[in-house]
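Engineer: I'd like to go over a predicted model; first the sequence, then the structure.
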Amino acid sequence: MPDDFPRCEIAPSLIRFDRPLFHLAKQLEGAGPINIVAIGSSSTAGEGTIPPYPERLQTRLRLRFPGRAIDVINKGQGGEEAAAEFKRFDEDVIRRAPVLTIWQVGTNAIFHDGYDLDDVAAAIDSGLKRLSALAMDVVLMDLQYAPAILQPGKIAGTHRMVDLISDAAKKAGINVFRRFVLMRRWNKDCNIPIDQMINPADGLHQTDWCTNCVAQALDALISDAAARAYPIIPTH
């Protein structure tokens, strides 16, 4: 990142994963390859020329665990929401045999009109039931803190979607990456201008700085949750 960009303030106490990542920790104890699947919409796929978070997370995890074959497989499709992503699970997630799946959901349900949030929540529940039956850890990633979904007429739905994602994760016994809370802290408490976090041209997509900070936060949370499962796992 450019030298004049502020550092990413991660605030672990605010967003720390509630549950250890037991499957990932067990895989790290062995010697085989480690597959992580990132599925979602444009926040996962990437937007424009900005390297997406899965690519950056892969780089960070390989540095953190040197010598390990760690692949973060990007299965983002711009414009999709939970139901469409769920339909891709067999091909894009389960076939890849990941030890960890990161599922980014919720933003398009607010950004695009016509979604019933209860239907979106039901699709998330169904997806989590499918994944929870398999030998993998699962993390839900909630919405970005962005002007396009904070405007009057959308902000109430945004907060409800954040709550629905949290409720679904609690019900399924899996972790949430609280992106919305983290980005709000950067803006409100750390005085990071919203235009440094979100592309002002569309008011929705994350900037290079923000995408990098999201990857940095995920790297820290994932390694911490793996270490809490088996303390012998090095986190460097």
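Structural biologist: The structure has been received and is ready for your questions.

Engineer: hmm, who's touching the one helix or strand in the chain whose mean pLDDT sits lowest?
Structural biologist: Among the helical and strand segments of the chain, the one scoring lowest on mean pLDDT, DSSP states H and E is helix 12-15, with a mean of 84. Here helix 12-15 makes contact (Cβ atoms under 8 Å, 6 or more residues apart in numbering) with Phe177, Arg178, Val181, Leu182, Arg185, Ala217, Ala220, Leu221, Asp224. C-beta coordinates here come from the backbone N, C-alpha and C atoms, glycine included.

Engineer: determine which two of those are furthest apart.
Structural biologist: Arg185 and Asp224 (17.9 Å; Cβ to Cβ).

Engineer: compare those two (neighbour count), which wins?
Structural biologist: Arg185 (18 against 15; other Cβ atoms under 10 Å).

Engineer: helix, strand, or coil at that one?
Structural biologist: Recorded secondary structure, Arg185: helix (DSSP: H, G, I helix; E, B strand; the rest coil).

Engineer: so what's it closest to, chain neighbours aside?
Structural biologist: Closest residue in space to Arg185, ignoring its immediate chain neighbours: Ala11 at 5.8 Å, by Cβ to Cβ, 6 or more residues apart in numbering.

Engineer: count of neighbours near that neighbour?
Structural biologist: Neighbours of Ala11 (other Cβ under 10 Å): 16.

Engineer: looking at this structure, which helix is longest?
Structural biologist: Counting residues, the longest helix found in the chain (DSSP state H) is helix 208-229.

Engineer: excluding chain neighbours, give the residue nearest to the residue nearest to the spatial centre of the chain in space.
Structural biologist: Closest residue to the average C-alpha location of the chain: Met141 at 3.6 Å, with Cα atoms, centre = their mean. Spatially, and ignoring its direct neighbours in sequence, Met141 is nearest to Gln104 (4.0 Å; Cβ to Cβ, 6+ apart).

Engineer: so where does the spatially closest residue to Phe89 that is not a sequence neighbour fall, helix or strand?
Structural biologist: In space, and not counting its chain neighbours, Phe89 is closest to Arg130: 6.0 Å by Cβ to Cβ, 6+ apart. Using DSSP states H and E, Arg130 maps to helix 117-132.

Engineer: correct me if wrong: Ala109 contacts Glu80.
Structural biologist: No: counting by Cβ atoms under 8 Å, Ala109 sits too far from Glu80 to count as a contact (10.5 Å).

Engineer: who has more neighbours, these two?
Structural biologist: Ala109 (27 against 21).

Engineer: contact partners for that one?
Structural biologist: Neighbour list for Ala109: Glu81, Ala82, Tyr115, Leu117, Val120, Gly157, Met161 [criterion: Cβ under 8 Å, 6+ apart].

Engineer: pull the contacting residues for the first one.
Structural biologist: Counting by Cβ under 8 Å, 6+ apart, Glu81 touches Ser41, Val105, Gly106, Asn108, Ala109, His112, Tyr115, Val120, Ala123.

Engineer: just for the protein, where's the confidence low?
Structural biologist: 1-5, 231-236 (pLDDT under 70).
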